[in-house]
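> pasting the structure only:
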């Protein structure tokens, strides 16, 4: 098993793991910052088009990563509308793509998580004169376990995703090469042992992040 | 700590990381759109550190296959290309996208297949006859189907046989996998199929399974790698000078020596262009 790692230096592995985690954490943070308040607002606010938005968020749970990657590629390309930002083939483009994928997941699951406590405590919150913003904060705290699951589901999507980051990141060695794109590359080089070994490391990281989040969530 | 107090702290921490991730690449870097063979075989990883050490320029490599690499460059998303499909390269230049094409290395293609060799290719040196034998035997054949340089050569060889494999073999013996060289070799190894491979990828491939080289040495199987710069009139890419410096280095004695020195298991994968067959 150990000779499998000969072609893969520790420094390269460390950079790949660090990039995967940085991109996934960043995109999950952006998606949570957008998805938590908007998901909660969908549950407690009544406005025209709300049902359509709920339906849309749920439909986008199945957003195909490779299509998101392609769409962003065309937008971020130097000959595309956002070309001057020079974001294509950078980690920033990867964060953007994964945030687009994870936001509807967090939004839809948070909406579901907040609906019930809102029916239960909504009346009391209104009697207390709580503002909408205050209500959202209270409900997110009450439903923190399913909300945590929503954020972890978003994280799971980003850390395991390969289609979008491959297209907008370009899998550049030492720059935009993540765990998942390395696994695709090593499989294509026929180095199945190394690909599988990296797969186990990736699964280990995912388990560690989930465990850490649950411990923190239980303390809350 | 309450969860709702913890969340904002978590976000701020993570967004800090996010700003690191969004940093643009350093100004002294160029993007090279290349074929998969020069990247996956390890050639570029072997020669690029020499260039970076000498010039201070980092080369970011997109390993895409010739068709996609030329597309990427045509959209201004790369600073130069390193590809191996003469016909597509000429189109790229006549359409005004590329200038200053220069050959930097060569090797050859090989037809690989299962040791059992149902179409009896072993020892042959005529690729067109070999392809005809595969079609006649209706032996499984894996096609890249991805408009790469290798795929383009495969299609040219089929045209030379007068056989349309797509018409006679799709769904049966002719298996278009729509993937890179490595994916095609993995598929061929798994299906006991024949396929056309560049020698660099073949020699560095680690999952050969039952596959062996069965046919080689046809002059039609020479594989030439060219660098092409972007035409500044059509593609005002800001890094033209850096890209030109890299192309010149590849042609220089130092670059050529680095290419020739790359070996795997004692075998040379790429030959410097000075020794290219006419």
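Thanks, I have it. Please read these numbers as outputs of a predicted model, since none were measured by experiment.
> which residue ranges form the strands in the stretch 1-150 of chain B?
Using DSSP state E, counting those that start in this stretch, the strands assigned to the stretch 1-150 of chain B run over residues B:29-34, B:58-63, B:80-83, B:98-114, B:141-143.
> For the helix ranked longest in chain A, what is the distance to the chain centroid?
Using DSSP state H, we find that the single longest helix of chain A is helix A:91-127. Once both centres are worked out by CA atoms, centre = their mean, to the nearest Å, helix A:91-127 turns out to sit 13 Å from its chain's centre.
> Can you tell me the centre-most residue of chain B?
Centrality entry for chain B: nearest residue to the mean C-alpha point is residue B:35, 2.5 Å, by CA atoms, centre = their mean.
> check contacts around that residue.
Under the criterion of CB atoms under 8 Å, 6 or more residues apart in numbering or on different chains, the contact partners of residue B:35 comprise B:63-66, B:69, B:82-84, B:148-149, B:225. Every C-beta, even on glycine, is put in place using the N, C-alpha and C of the backbone.
> re the thing from before, distance between the first helix or strand past the longest helix of chain A going along the chain and the chain's centre?
Following the chain from helix A:91-127 toward its C-terminal end, the next helix or strand by DSSP states H and E is helix A:132-142. With CA atoms, centre = their mean as the basis, the distance from the averaged C-alpha position of helix A:132-142 to the chain average is 23 Å.
> Now look at helix A:132-142 and say if it contacts chain B.
Yes - against chain B, helix A:132-142 shows contacts by CB under 8 Å from any CB of the partner chain at A:137, A:140-141.
> domain parsing for chain B?
Following automatic domain parsing, chain B resolves into domains at B:26-107+B:224-275, B:108-221.
> still on that earlier bit, what's the closest of the strands of the stretch 1-150 of chain B to residue A:50?
Proximity of the strands of the stretch 1-150 of chain B to residue A:50 was assessed by CB to CB; the nearest stretch is strand B:58-63, lying at 43.1 Å.
> Does the closest residue to residue B:55 other than its chain neighbours belong to a helix, a strand or coil?
On the basis of CB to CB, 6 or more residues apart in numbering or on different chains, the spatially nearest residue to residue B:55 that is not a chain neighbour turns out to be residue B:245, at 6.1 Å. The local conformation at residue B:245, judged by DSSP: H, G, I helix; E, B strand; the rest coil, is helix.
> Could you check how far the residue of chain A most remote from its centre is from residue A:120?
Taking CA atoms, centre = their mean, the residue of chain A most remote from its mean C-alpha position is residue A:127, at 36.5 Å. As defined by CB to CB, to the nearest Å, residue A:127 lies at a distance of 13 Å from residue A:120.
> Take the domains of chain B and lay them out in JSON lines including mean pLDDT and distance to residue A:58.
Putting the domains of chain B into JSON lines (pLDDT from 0 to 100; distance: least, CB to CB, whole Å) gives the following:
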{"stretch": "domain B:26-107+B:224-275", "mean pLDDT": "90", "distance to residue A:58": "34"}
{"stretch": "domain B:108-221", "mean pLDDT": "93", "distance to residue A:58": "32"}
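> Out of those domains, which is closest to residue A:193?
The stretch from those with the least distance to residue A:193 (CB to CB) is domain B:108-221; that distance is 8.2 Å.
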